[in-house]
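In: Quick one: sequence and predicted model below, then my questions.
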Amino acid sequence: MMKRIFYIFLALLMLAVSLAGCGSRQRPDAGHPVTLTMWHVYGSQTRSPLNDAIDTFNDTVGRENGVTVNVVSVTSSSAIDKALLASANGEPGAEELPDLFTAYPRVAEIVGEEELLCWNDYFSEEELALFRDEFIDEGCFGDKLLMLPIAKSSEALFLNRTLFDRFADEADVSAEDLLTFEGFFDTANLYYDWSDGQNFTQINDFYNYAFIGMAAHDSALIEDGRLNLDDDAFEKVWYPLSRAAIYGGICLDDGYAASRWKTVEIISNIGSTADILYQPEMVFYPDNTTEPIESLALPYPRFKAAEPAAVHRGGGLFAVKSEDERKNYAAVLFAKWLTEDENNLQFVTSAGYLPVTDTAFEALFDDTDTAGTEHFSHLYDMMDGMMESHTLHALPRYAGASDVQSCFEQHVKQVLKSAHSQYAERTAAGEDKAAVLDELAAASLAELRRLSDKDM
């Protein structure tokens, strides 16, 4: 009997040792390392603050735990969308899906929710409670947290203060005029005249402009997954924009605003607060002369008859679920490290983003000098006031959101470019400017609605 008990005990002991061994092999370590591939968007036009953070991780916690994050692509969010679609569909020549990538929530339907790691299977409730609620909520798909916030931003108006002041002295305008969209668009047209036909500004996301404008007017750009362009609120948003674009004050070409800053094709733009990373300190003129400039960040403009509002934007971190559990744990190790207060603050404040935990958020706005440079500190001082004055909205999530947003951007530029060309031709022939402008603004709205209806 004693002998039988001994063998049972020995068998149980061996099983326990075996299970312990399996458990340890589920996690990477220095003797059994794991490499994760990554695509991200932080710094596609300049140095990458996320790459800097990843280098630090790889040299410290990653090395200690046998985890290396290998960045294989730094590009734009739209390029990542396309690459993910090609990978998910197995298109010829497409890259394999990376282990980690940053993107907007819309990509979950591209990759497939079932293919993505559920972060709340690996983060405790206590750990997730440290994040700002609105940032966590944006990444939830039902009860699954698929997009982990690592950096968020809002939108702002960036201004080449040096050249604007030169213009403002002669045109009798000021930066205060740019705090409302009405004043902003009027100023854009004044600059177009003053500069002999140069665009004043570029709006990086017309979709965001329309979404926020309608939200500020207590309406919604998207209803039941469709563009709501027949709403009266959309007309209130459309007409100020279209008149300025048709007149010539707004750049309607594709491409990065920062590139146009450098060559003085524009002297302002509305875009992500992270655009500060790309603001040049020097501009280049067609005659090959250069000039140092100072830039200024202003709050996202408001409509006079509406409450101030802006988007909170920025994608999040996704991980492709692996059958090798070591890779899943490696992704989690990196994600937890990157969202620790000290590491997260170091990353986001070098790129014009907002931290993602309550304590890091409070630490930043309690002392914006921690941003490191005076230029960045001024941005966060402005954002601190904007957090108080503006209601922040997340973009709506719905089936086909990526395609709807892309088509809307293309259609807006298409109809306004055509209208601007017609305006220039007709007014040059002697037609009344105000009458032509009103006619083309209405016609462009009708054409935009037609194109949008055709897509649906």
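Out: That came in fine, so what should we check first? Residues are numbered from 1 along each chain as shown.
In: quick one, phi/psi of T391?
Out: When read as degrees, to the nearest 10, the backbone of T391 gives phi -90, psi 130.
In: doesn't P308 make contact with it?
Out: Yes - with contact defined as Cβ atoms under 8 Å, T391 counts as touching P308 (7.0 Å). From N, CA and C alone the C-beta is placed, and that goes for glycine too.
In: the more surrounded of these two?
Out: Per other Cβ atoms under 10 Å, whichever of T391 and P308 has more neighbours is P308, with 18 against 12.
In: Please report how far that one lies from A216.
Out: Using Cβ to Cβ, to the nearest Å, P308 is found at 7 Å from A216.
In: now do G385
Out: Applying Cβ to Cβ to G385 and A216 gives a distance of 18 Å.
In: When these two are compared, which one has more neighbours?
Out: Set side by side, G385 and A216 show more neighbours around A216, with 23 against 10, by other Cβ under 10 Å.
In: Just give the closest residue to the more buried one, not the sequence neighbours.
Out: In space, A216 comes closest to A306 once its chain neighbours are excluded; the distance is 3.8 Å by Cβ to Cβ, 6 or more residues apart in numbering.
In: residue ranges with poor pLDDT in this structure?
Out: Judged by pLDDT under 70, the chain has its weakly predicted residues at 1-25, 44-46, 372, 456.
In: Any idea which residue is closest to the centre of it?
Out: G314 (3.4 Å; Cα atoms, centre = their mean).
In: ok, now which ones touch that one?
Out: By Cβ atoms under 8 Å, 6 or more residues apart in numbering, G314 lies in contact with P149, A151, K152, S153, S272, A274, Y353, L354.
In: and the first one, how many neighbours?
Out: The one in question is P149. 26.
In: list the contacts for it?
Out: Applying Cβ under 8 Å, 6+ apart to P149 gives the contacts F131, R132, F135, I136, E138, G139, G314, G316, L317, T339, V356.
In: My read is that D29 contacts G66, right?
Out: Yes - D29 is within contact range of G66, at 4.7 Å (criterion: Cβ under 8 Å).
In: which one of the two has more residues nearby?
Out: G66 (18 against 14).
In: in the stretch 301-450 of the chain, which spans are helices?
Out: 325-338, 341-348, 358-366, 374-389, 401-428, 433-455 (DSSP state H, counting those that start in this stretch).
In: re earlier: ok, the residue nearest to the centre of the chain to K336 distance?
Out: Using Cβ to Cβ, G314 is found at 19 Å from K336.
In: Check K262 too.
Out: According to Cβ to Cβ, K262 stands 39 Å off from K336.
In: one step back: mind listing the shared neighbours of P308 and A216?
Out: Contacts common to P308 and A216, judged by Cβ under 8 Å, 6+ apart, are R302.
In: now L445: how far from A305?
Out: With distances taken as Cβ to Cβ, L445 is found 19 Å from A305.
In: okay, these two: which has more neighbours?
Out: Between L445 and A305, L445 has the larger neighbour count (other Cβ under 10 Å), namely 18 against 10.
In: Just confirm the more buried one contacts E235, I think it does.
Out: Yes - using Cβ under 8 Å, L445 makes contact with E235 at a distance of 6.9 Å.
In: And for the host helix or strand of E126, what's in contact with it?
Out: Element membership of E126, judged by DSSP states H and E, is helix 125-128. Residues from elsewhere that reach helix 125-128, judged by Cβ under 8 Å, 6+ apart: N120, I136, L145, K336.
In: can you pull the contacts of E388?
Out: By Cβ under 8 Å, 6+ apart, the contact list for E388 is empty.
In: could the helices of the stretch 301-450 of the chain be laid out in JSON lines, adding distance to L179?
Out: Below are those laid out as JSON lines (distance: least, Cβ to Cβ, whole Å):
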{"stretch": "helix 325-338", "distance to L179": "35"}
{"stretch": "helix 341-348", "distance to L179": "26"}
{"stretch": "helix 358-366", "distance to L179": "21"}
{"stretch": "helix 374-389", "distance to L179": "10"}
{"stretch": "helix 401-428", "distance to L179": "24"}
{"stretch": "helix 433-455", "distance to L179": "23"}
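In: Could you check how far the residue nearest to Q346 when sequence neighbours are not counted is from E447?
Out: In this structure, Q346 finds its nearest non-sequential neighbour in A53, 6.8 Å apart by Cβ to Cβ, 6+ apart. Distance, A53 to E447, by Cβ to Cβ: 45 Å.
In: Compare the two (neighbour count), which wins?
Out: For the pair A53 and E447, the greater number of neighbours falls to A53 (23 against 17), based on other Cβ under 10 Å.
In: I'd assumed E340 was in contact with that one.
Out: No - counting by Cβ under 8 Å, A53 stays clear of E340, with 11.0 Å between them.
In: How far does the helix holding E126 sit from its chain's centre?
Out: What separates the centre of helix 125-128 from the centre of its chain is 25 Å, taken as Cα atoms, centre = their mean, to the nearest Å.
In: And the helix or strand immediately after it in the chain, what's buried?
Out: Going down the chain from helix 125-128, the next helix or strand is helix 133-138, by DSSP H and E. Neighbour-count burial for helix 133-138 flags F135, I136, E138 (criterion: 16 or more other Cβ atoms under 10 Å).
In: Would you mind listing the buried residues in stretch 380-397?
Out: The neighbour-count check on stretch 380-397 (16+ other Cβ under 10 Å) flags Y380, M382, M383, M386, M387, H390, L392, H393, A394, L395, P396, R397 as buried.
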